[in-house]
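**Student:** Just to be clear, the model below is a prediction. Sequence and coordinates:
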Amino acid sequence: MSVEADPRVLEGLDAWRALPAVQQPAWPDAGRLAQVTGRLASLPPLVFAGEADDLRARLAAAGRGEAFLLQGGDCAETFAEATGDRIRHKIMTILQMAVVLTYGASLPVIKMGRMAGQYAKPRSADTETRDGVTLPAFRGDIINGYDFTAQARTPDPQRLLEAYHTSAATLNLVRAFTTGGFASLQRVHEWNRGFMQNPAYSRYEEIAAEIDRAIRFMAACGADFDALRTVDFFASHEGLLLDYERPLTRIDSRTGRPYDCSGHFLWIGERTRQLDGAHVDYFSRVHNPLGIKLGPTATGDDALALMDRLNPTAEPGRITFITRMGAGRVRDLLPSLVEKVAADGRPVTWVCDPMHGNGITSASGYKTRRFSDVMDEVAGFFEVHRALGTVPGGLHIELTGDDVTEVLGGSEEIDEEGLARRYETLVDPRLNHQQSLEMAFQVVELLRQH
Ligand SMILES: O=C[C@H](O)[C@H](O)COP(=O)(O)O
Ligand SMILES: C=C(OP(=O)(O)O)C(=O)O
C-alpha cells in the first residue's frame, strides 16, 4: 500500500518560489519552461528513495569513523562527454582510488560520483565579455551552451530534458559497470598494478606491494571474490538549478515523504547556502542526505543555523559538511568551525573539498590549481580533526579519468607550459587519472602518519 503525502508537505515544496534564489538563469520563455518542467515531472525518477536512505546510513557511519566517503567527478559534466569511454574511465579512477583508500583506512569506502547530473554551475559573474562583446556567462550544459555566441549563451529550457536523458544514460552505464563484473576487486587491483608500472610512482611501491599481499592473502583464505564483483555507487550533484530539482522531486510511496530523485545526494553550494534563501528552504523539505559546502567565511554559528534548518531532528547521515578553506587557511579556520559543531553534539559528517579553495590563474591565463596545495589542504583537514578528536569522514574531489593537463604538479610534473597540452574543462580544473591515484596513495601515507 502506498502512503500519500500530506497536502501541506506538497504545498511546501513550492515555498522556495517566493524566496530569493541566487545563481538561477533568466529563462527567456516562461511558457516553454513550464512545458519542459511539466514533462520532467512526468518522467520516471532517476534514483529510488530507498537507495538514498541506504546512503544516509552509510554517511552516518562515515561521520562516526566507521566508513570513508570518496566523492569525485567532473567540475561540470557536459553532454558531449557523456560517452562510454569517458564514463568508464571516471568509474575506473574512482574505483581504483577506493581500493587504495579502503586498504589505507581499513574502512569501507562509500563510492560516489559527481556524476549523472552535475550539469549546472554557479558563476562569479553573470556575464562574460570578450573583445568588447558581453554575453551571459556559461552556467553549465543544463542551462546554456559554452560557445561564445548570443544563441548558445541564451538559456534554453530544452536543455533540462537533455540533462535528464543524459543523466539517465550515464546512470544506466554506471549501474552496469558497477554490478556487471567490470568492477570486481581483482580487476581493479590489476588496473592499479598497471599504474604502478610507471617509474614516476616508485614512491608508492611499498603500499602497492602491501595491497597486493593483502589480496593474495584473501585469495589464499578462500575469500569469495564473486561477492566482490559488485560495488554500490551513488550519484550526486550540486542542487543548484531549482527548476530541475523541483520536477524531479517525488513522493516516496513507502513513507509519503518527498525525495529529490535527480540523484542520491545533493549538495548546497558555497554561493547558495543563505539561510533565508530558496535553496536552503527547498532542500529542507526533501529527505535525501545533503551536503553543504562551507568556505572560509563560514562560522560555527552559520553551521549550527544550517543544521537547525536542514536537520532539525538531528538525523545521523542527513548533513555532510564539505569544507573548502584553501591550503593556506584550513589550519586556522577549520578548528573553530569544527569545535562549535562538535560541542553542539548533533551528528554531522565532515568531508574535505581540497579543490575549491585552491584556485589560481597561471601566467598563461589558465584557471588551475597546484597538486601540492590540494594535498596540503587534505593534510590540514586530517591534522585538525585528529587534534580535535573529531572524524575526518571523506574527500570531495574534482577529477576525470582522462589524461588531461589542468592541475599543476604531481609526479608527472605538469608545469605551466604543460597546461596547454590537454586543458579541456569548461569551468574548473580537475585532477587527471594519474593525479587522482597519486592522491589516494598520498592519503594513505597521511593516514599512516596519524
Ligand atoms: O566550480 C565552482 C564554480 O562554479 C567556479 O569556480 C566558478 O568559476 P568562476 O569564478 O569562473 O565563475
Ligand atoms: C561550485 C562548487 O563548489 P563551491 O560551492 O564550494 O564553490 C562545486 O563544487 O562545483
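**Tutor:** That came in fine, so what should we check first? Ligands and ions are numbered 1, 2, ... in the order given.
**Student:** Can you tell me the centre-most residue of the protein?
**Tutor:** Residue closest to the average C-alpha location in the chain (C-alpha atoms, centre = their mean): R114, at 3.9 Å.
**Student:** Follow the chain on from the one helix or strand in the chain whose mean pLDDT sits lowest and name the next helix or strand.
**Tutor:** Lowest on mean pLDDT, DSSP states H and E among the helices and strands of the chain sits helix 185-196, with a mean of 88. Using DSSP states H and E, the helix or strand that follows helix 185-196 towards the C-terminus is helix 205-220.
**Student:** Which elements pack onto that next one?
**Tutor:** helix 84-105, helix 185-196, helix 433-449 (3 or more C-beta pairs under 8 Å, 6 or more residues apart in numbering; DSSP states H and E). All C-beta spots, glycine's among them, are computed from the backbone N, C-alpha and C.
**Student:** ok, F371 touching L408?
**Tutor:** Yes - F371 is in contact with L408 according to C-beta atoms under 8 Å; the separation is 6.4 Å.
**Student:** one step back: weakest of the helices and strands packed on helix 205-220 by average pLDDT?
**Tutor:** Note on those: helix 185-196 shows the lowest mean pLDDT, a mean of 88.
**Student:** Would you indicate which residues of that helix are buried?
**Tutor:** By 16 or more other C-beta atoms under 10 Å, the buried positions in helix 185-196 come out as 185, 187-189, 192, 195-196.
**Student:** picking up where we left off before, a markdown table please, covering the helices and strands packed on helix 205-220 and showing distance to ligand 1.
**Tutor:** Shown next, in a markdown table, are the helices and strands packed on helix 205-220 (distance: least, C-beta to the nearest ligand atom, whole Å):
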| stretch | distance to ligand 1 |
| --- | --- |
| helix 84-105 | 17 |
| helix 185-196 | 27 |
| helix 433-449 | 17 |
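**Student:** Tell me which of these sits nearest to P247.
**Tutor:** helix 84-105 (24.6 Å; C-beta to C-beta).
**Student:** so, in contact with ligand 1 or not, stretch 67-75?
**Tutor:** Yes - for stretch 67-75 and ligand 1, the contact criterion (C-beta under 6 Å from any ligand atom) is met by C75.
**Student:** as a whole number, average confidence for that stretch?
**Tutor:** Stretch 67-75 comes out with an average pLDDT of 98.
**Student:** Distance from the chain centre to it, please.
**Tutor:** Put simply, stretch 67-75 sits 5 Å off its chain's centre (C-alpha atoms, centre = their mean, to the nearest Å).
**Student:** What are the boundaries of the helices in the stretch 301-450 of the chain?
**Tutor:** 330-344, 371-388, 433-449 (DSSP state H, counting those that start in this stretch).
**Student:** Tabulate the ones you listed (JSON lines), appending mean neighbour count and distance to V280.
**Tutor:** Putting the helices of the stretch 301-450 of the chain into JSON lines (neighbours: other C-beta atoms under 10 Å; distance: least, C-beta to C-beta, whole Å) gives the following:
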{"stretch": "helix 330-344", "mean neighbour count": "18", "distance to V280": "17"}
{"stretch": "helix 371-388", "mean neighbour count": "20", "distance to V280": "24"}
{"stretch": "helix 433-449", "mean neighbour count": "20", "distance to V280": "31"}
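**Student:** okay, the closest residue to A314 other than its chain neighbours: pLDDT?
**Tutor:** Closest residue to A314 apart from its sequence neighbours, by C-beta to C-beta, 6 or more residues apart in numbering: R346 at 4.3 Å. For R346, the model assigns a pLDDT of 97.
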